[in-house]
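> I would like to see how this sequence folds:
(one chain, ligands or ions: 1)
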Amino acid sequence: MSAEENHGAGEAVAARIERRWATLSIAVVGLLVGMAAFIGIHQASMPQGHVETSDPRTLHLSGEFIESNLGSQVEPDGSVTVRAIGQQYSFTPQCVVVPADTPITFRATSADVVHGLLIEGTNINIMLVPGYVSVLQTSFKAPAEHVMPCQEFCGPGHQGMWGKVKVVDKTAFLNMAAARRRLTCVD
Ligand code: CUA
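Numbers count the residues shown, from 1 in each chain. Take a look at the predicted model:
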């Protein structure tokens with residue numbers, strides 16, 4: 001091999017190594033971009049760690065939001081859980097009954113599109129998003145009736161979508177709850 005050929009071979013090796021490094025660095029950059037994109041899309045499209053999900057397609061058929069499980073329930077610790085769903089264009093239950101002066105947990109979701117659950121005269125304003133369970137803890141000081149309109153535009157029937165929250169005396173509520181597993185004030 002002449003000195004010239006040797007030199008040429010050396011250049012070829014150098015060029016090959018350089019190409020390899022270039023390919024590798026493009027791959028690394030590509031991998032990082034891919035990871036960043038994946039994390040971004042994942043965070044945007046997936047629920048956060050502690051968020052609960054529900055399947056709008058099977059909401060009525062099984063699980064927590066089956067119709068017979070909707071309404072108010074007394075928990076072993078004395079608090080009350082209210083389960084409700086919103087759908088075009090009503091809330092179920094249409095009338096929610098809760099005791100005054102008691103920790104209340106609302107658990108609600110949507111069977112179709114995004115609805116809003118607003119309880120007038122309180123600061124309660126929950127978004128009901130299909131696929132997710134909205135959880136809100138609150139309490140009501142005194143017996144009262146509150147109108148509960150939907151406050152997210154959800155279609156042509158939006159204006160007519162509303163329910164009611166009836167806050168009753170705690171003892172009266174517990175008496176009612178003794179006879180029934182889930183309470184509502186729907187006539
Ligand atoms: Cu439901 Cu607006």
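> Look at Phe173 and give its secondary structure.
What DSSP: H, G, I helix; E, B strand; the rest coil gives for Phe173 is helix.
> so what's it up against?
72, 80, 97-99, 102, 183 (Cβ atoms under 8 Å, 6 or more residues apart in numbering). Just so you know, the C-beta spots here come from the backbone N, C-alpha and C atoms, and that holds for glycine as well.
> Please, which helix or strand holds Lys164?
Here Lys164 sits within strand 162-168, counting by DSSP states H and E.
> Now the longest helix anywhere in the chain: average pLDDT?
Assignment by DSSP state H gives helix 3-45 as the longest helix of the chain. For helix 3-45, the mean pLDDT works out to 78.
> Quick one: list the elements packing against that helix.
Packing partners of helix 3-45 (3 or more Cβ pairs under 8 Å, 6 or more residues apart in numbering; DSSP states H and E): none among the helices and strands.
> Quick one: mean pLDDT over the next helix or strand after that helix.
Downstream of helix 3-45, the next assigned helix or strand under DSSP H and E is strand 52-53. Across strand 52-53, the average pLDDT comes to 84.
> Low-confidence stretches in this protein?
1-6, 42-50 (pLDDT under 70).
> So which bits of it are right by the ligand?
86, 89, 115, 150, 152-154, 158, 161 (Cβ under 6 Å from any ligand atom).
> Now the residues you listed in CSV, please, with extra columns for distance to Gln137 and secondary structure.
Output for these, formatted as CSV (distance: Cβ to Cβ, whole Å; DSSP: H, G, I helix; E, B strand; the rest coil):
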residue, distance to Gln137, secondary structure
Gly86, 19, strand
Tyr89, 27, coil
His115, 20, strand
Cys150, 21, strand
Glu152, 21, coil
Phe153, 27, coil
Cys154, 25, coil
His158, 27, helix
Met161, 24, coil
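> centroid residue for the protein?
Note on the chain: the residue nearest the mean C-alpha position is Tyr132, at 2.8 Å, using Cα atoms, centre = their mean.
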